[in-house]
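Engineer: From the sequence below, what's the structure:
(one chain, ligands or ions: 2)
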Amino acid sequence: MKRLDTDVAIIGAGSAGLSAYRAVRNAGKRALLIEGGEHGTTCARVGCMPSKLLIAAAEAAHAAAHTAPFGVHVDGTIRIEGREVMARVKRERDRFVGFVLRSVAQMPDEDKLTGHARFVSPTVLRVDDHTEVHARSVVIATGSSPIVPEPLKALGELAIVNDDVFAWDDLPKRVAVFGPGIIGVELGQALARLGVTVRMFGKGGSLAGLGDPVIREQALGLMRESFYLDPKADVKETRRDGDEVVVRYIDLDGVAQTERFDFALVATGRKPNLDGLDLAAAGLPLDDRGVPVYDTNTLRIGDSPVFIAGDANQDLPLLHEASDEGKIAGGNAARYPDVQPGERRAPLAIVFTDPQIAQAGCRYRDLSPGTFVIGEVDFSDQGRSRVMLRNAGRLHVYAETATGRFLGAEMIAPSGEHLAHLLAWARQQELTVAQMLQMPFYHPVIEEGLRTALRDAQAKVKCAADPRDCREGPPQA
Ligand SMILES: Cc1cc2nc3c(=O)[nH]c(=O)nc-3n(C[C@H](O)[C@H](O)[C@H](O)COP(=O)(O)OP(=O)(O)OC[C@H]3O[C@@H](n4cnc5c(N)ncnc54)[C@H](O)[C@@H]3O)c2cc1C
Ligand SMILES: NC(=O)c1ccc[n+]([C@@H]2O[C@H](COP(=O)([O-])OP(=O)(O)OC[C@H]3O[C@@H](n4cnc5c(N)ncnc54)[C@H](O)[C@@H]3O)[C@@H](O)[C@H]2O)c1
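Structural biologist: Ligands and ions are numbered 1, 2, ... in the order given. Modelled structure (predicted):
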């Protein structure tokens with residue numbers, strides 16, 4: 001067996017691992033980046049980028065079919081060529097993957113190792129059966145994989161995950177989507193808008209991670225304009241019949257249905273890739289899910305010389321968080337044992353549906369009842385949104401009753417990606433709603449809708465402070 005010595009061994013060359021590698025090198029230390037699969041990252045290969053490419057095609061199809069209210073008529077049929085849609089998705093995806101592959105190719109050969117790593121001790125790794133790596137510290141950046149529930153596994157290769165969608169050469173005709181989470185609604189709505197018959201089945205009533213019941217209800221209605229969606233589905237049976245998936249379920253009207261699909265797209269959540277790492281050999285403290293117990297500011301696992309970043313720690317499975325965590329973990333691993341807290345940003349999450357679903361700052365479910373007010377805007381009557389016929393959605397902003405401090409927001413809103421950025425920036429600056437209202441607002445823009453919600457929150461904060469300022473009774477939390 002070959003032996004390699006390094007300062008920091010990084011397991012996984014995804015977005016978190018690559019960021020950790022750069023941080024170690026910037027600290028002037030040796031790094032060894034170990035990758036067991038294909039280089040290119042989940043985000044570029046089968047995540048953020050190909051999903052947004054598919055969504056872009058769906059938006060083009062939707063826009064083409066909805067010009068008539070403007071008095072603009074596209075005569076003839078709108079033809080969606082599945083093969084061309086998928087060819088563009090894959091061509092552009094390969095371009096993004098190519099950028100990653102080029103940056104990996106530019107790394108010195110002695111910094112890279114191919115194979116699956118597992119722990120022998122906290123600082124010794126075995127990579128396949130060819131190399132033993134001795135490091136001063138280790139970063140786990142192994143990412144996550146889809147969870148496939150037991151009954152769906154019986155469908156064999158007809159139970160597909162996001163990776164399989166982006167390998168299609170053509171669009172299928174009918175897809176049953178299991179899981180109305182973020183992946184489910186993004187891909188489900190895109191496929192529906194591209195002419196695929198989509199039925200989406202959930203469990204427990206959750207939708208795209210939304211905690212605010214009013215926003216969730218609004219999102220449910222808007223998603224249902226594109227496809228059948230039951231977030232609390234009563235699925236009686238899923239089975240395979242030849243090349244088809246048969247789903248027997250009770251529909252939203254209480255009627256028993258049996259439908260046939262080309263595939264079951266499984267989007268029921270993801271789990272960290274930790275199984276093959278032999279964490280027990282490293283003696284790392286684990287929680288009841290088997291995930292290492294670590295400090296979210298330093299990313300250090302217990303008192304060990306091991307750090308964990310990105311989807312592997314199951315905290316904030318988002319691209320920008322994976323990059324930030326890789327940088328913090330890599331920096332600390334390089335300086336080990338001088339471990340310091342890294343800078344974390346205000347929470348921000350965007351789901352690329354239409355309208356977009358987004359959260360900024362504190363989530364509704366994390367707020368203490370009775371301590372905050374909700375400012376609201378309904379986009380159905382919002383000026384700029386109406387002009388563009390994108391007037392659907394709702395935004396809730398949460399402000400601390402006692403201080404007027406902006407806490408967070410949840411929304412399904414036109415241009416939600418931009419509103420959510422403004423709100424996350426305001427949260428990171430710890431602004432009050434009054435300070436946010438001092439910022440410029442142009443006319444006519446969708447941000448004027450945000451101003452309406454902020455004014456509503458401000459009025460409620462004032463009313464809570466002095467009942468003489470109340471316009472419509474006491475504030476609601
Ligand atoms: C369909 C989809 C859409 C998404 N869209 C968005 C989006 O729009 N915006 C957003 O912010 N986020 C999005 N995400 C989430 C984002 O892609 C992830 O948060 C991010 O890619 C995680 O990066 P990572 O470095 O932790 O993991 P990865 O990029 O998966 O890297 C982990 C690497 O570790 C390797 N590995 C695993 N085990 C071992 C081992 N034992 N030894 C050696 N190597 C190993 C793997 O082969 C892999 O290359 C999406 C995810 C999916 C699935
Ligand atoms: N735009 C983005 O930023 C983006 C896009 C895609 C994915 N992601 C990341 O990837 C992560 C994983 O996404 P995901 O959608 O797989 O997970 P998720 O946790 O968001 O959603 C899983 C959904 O599946 C449901 N579910 C669980 N078991 C089920 C069953 N047996 N039958 C039917 N439904 C079931 C859950 O109730 C939930 O609604 C996200 O949390 C997100 O961080 C981000």
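Engineer: Single out the residue in the chain that lies closest to ligand 1.
Structural biologist: Ligand 1 sits closest to G14 of the chain, with a gap of 1.8 Å, by C-beta to the nearest ligand atom. Yep, even glycine has a C-beta here, placed from its N, CA and C like the rest.
Engineer: mind listing what that residue touches?
Structural biologist: 41-43, 141-143, 310-311, 322 (C-beta atoms under 8 Å, 6 or more residues apart in numbering).
Engineer: Could you report the pLDDT at it?
Structural biologist: On the pLDDT scale, G14 is placed at 98.
Engineer: For it, give me the backbone phi and psi.
Structural biologist: Phi and psi for G14, reported as degrees, to the nearest 10, are phi -90, psi -160.
Engineer: check contacts around D262.
Structural biologist: Here D262 is in contact with 158, 172-175, 243-245 (criterion: C-beta under 8 Å, 6+ apart).
Engineer: Quick check: ChimeraX command selecting the buried ones in those residues.
Structural biologist: Those of the contacts of D262 that count as buried under 16 or more other C-beta atoms under 10 Å are selected in ChimeraX with:
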select :158,172,174,175,244,245
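Engineer: now the contacts of D262 in a markdown table, with pLDDT?
Structural biologist: Converted to a markdown table, these look like this (pLDDT from 0 to 100):
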| residue | pLDDT |
| --- | --- |
| L158 | 98 |
| P172 | 98 |
| K173 | 98 |
| R174 | 98 |
| V175 | 98 |
| D243 | 97 |
| E244 | 98 |
| V245 | 98 |
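Engineer: Can you lay out the contacts of D262 as a markdown table showing distance to I357 and secondary structure?
Structural biologist: Formatted as a markdown table, the contacts of D262 follow (distance: C-beta to C-beta, whole Å; DSSP: H, G, I helix; E, B strand; the rest coil):
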| residue | distance to I357 | secondary structure |
| --- | --- | --- |
| L158 | 29 | helix |
| P172 | 25 | coil |
| K173 | 27 | coil |
| R174 | 25 | strand |
| V175 | 21 | strand |
| D243 | 34 | coil |
| E244 | 32 | strand |
| V245 | 27 | strand |
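Engineer: Out of the contacts of G14, grab the one that's most surrounded.
Structural biologist: Highest neighbour count within the contacts of G14, by other C-beta atoms under 10 Å: G310, with 36 neighbours.
Engineer: roughly how far apart are that residue and K90?
Structural biologist: G310 is 25 Å from K90, where distance means C-beta to C-beta, to the nearest Å.
Engineer: same thing with V161?
Structural biologist: Look at V161 and K90: by C-beta to C-beta, they are 17 Å apart.
Engineer: Kindly report the same for G375.
Structural biologist: Distance from G375 to K90, by C-beta to C-beta: 43 Å.
Engineer: Which members of the contacts of G14 additionally contact ligand 1?
Structural biologist: Checking the contacts of G14 against ligand 1 by C-beta under 6 Å from any ligand atom, the ones in range are 41-43, 141-143, 310-311, 322.
Engineer: And the furthest pair within those residues?
Structural biologist: Using C-beta to C-beta, the ones next to ligand 1 among the contacts of G14 span at most 14.5 Å, a distance reached by C43 and T142.
Engineer: Give me the below-cutoff pLDDT ranges for this structure.
Structural biologist: Within the chain, the segments meeting pLDDT under 70 span 472-477.
Engineer: got the residues of it near ligand 2?
Structural biologist: Neighbours of ligand 2 within the chain, by C-beta under 6 Å from any ligand atom: 149, 178-184, 186, 201-204, 206, 209, 267-270, 317-318, 349-352.
Engineer: Can you select the buried ones among those residues for me in ChimeraX?
Structural biologist: Remark: buried members of those, expressed as a ChimeraX selection using 16+ other C-beta under 10 Å:
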select :178,179,180,181,182,183,184,186,201,202,209,267,268,269,270,317,318,349,350,351,352
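Engineer: Filter the residues of the chain next to ligand 2 down to the ones in helices?
Structural biologist: Judged by DSSP state H, the residues of the chain next to ligand 2 include 182-184, 186 as members of helices.
Engineer: on that earlier part again, list just the nearest of the ones next to ligand 1 among the contacts of G14 to S415.
Structural biologist: Distance to S415, by C-beta to C-beta, is smallest for C43 among those, at 22.8 Å.
Engineer: Run a quick neighbour tally on E81.
Structural biologist: A total of 10 residues lie near E81 under the criterion other C-beta under 10 Å.
Engineer: for the residue in the chain positioned nearest to ligand 2, what are its contacts?
Structural biologist: Closest residue of the chain to ligand 2, C-beta to the nearest ligand atom: G181 (1.7 Å). Shown in contact with G181 (C-beta under 8 Å, 6+ apart): 206, 208-209, 267-269.
Engineer: could you redo the last one with a cut-off of 6 Å?
Structural biologist: For G181, the contact set (C-beta atoms under 6 Å, 6 or more residues apart in numbering) comprises A267.
Engineer: Quick check: beta-bridge partners of the residue nearest to D234 when sequence neighbours are not counted?
Structural biologist: Nearest residue to D234, sequence neighbours excluded (C-beta to C-beta, 6 or more residues apart in numbering): I250, at 4.1 Å. Note on I250: beta-bridge partners D234, A256, judged by DSSP bridges.
Engineer: Which residue ranges make up each domain of this protein?
Structural biologist: Domain assignment for the chain by automatic domain parsing gives 2-146+271-335, 150-268, 348-465.
Engineer: Lovely, talk soon.
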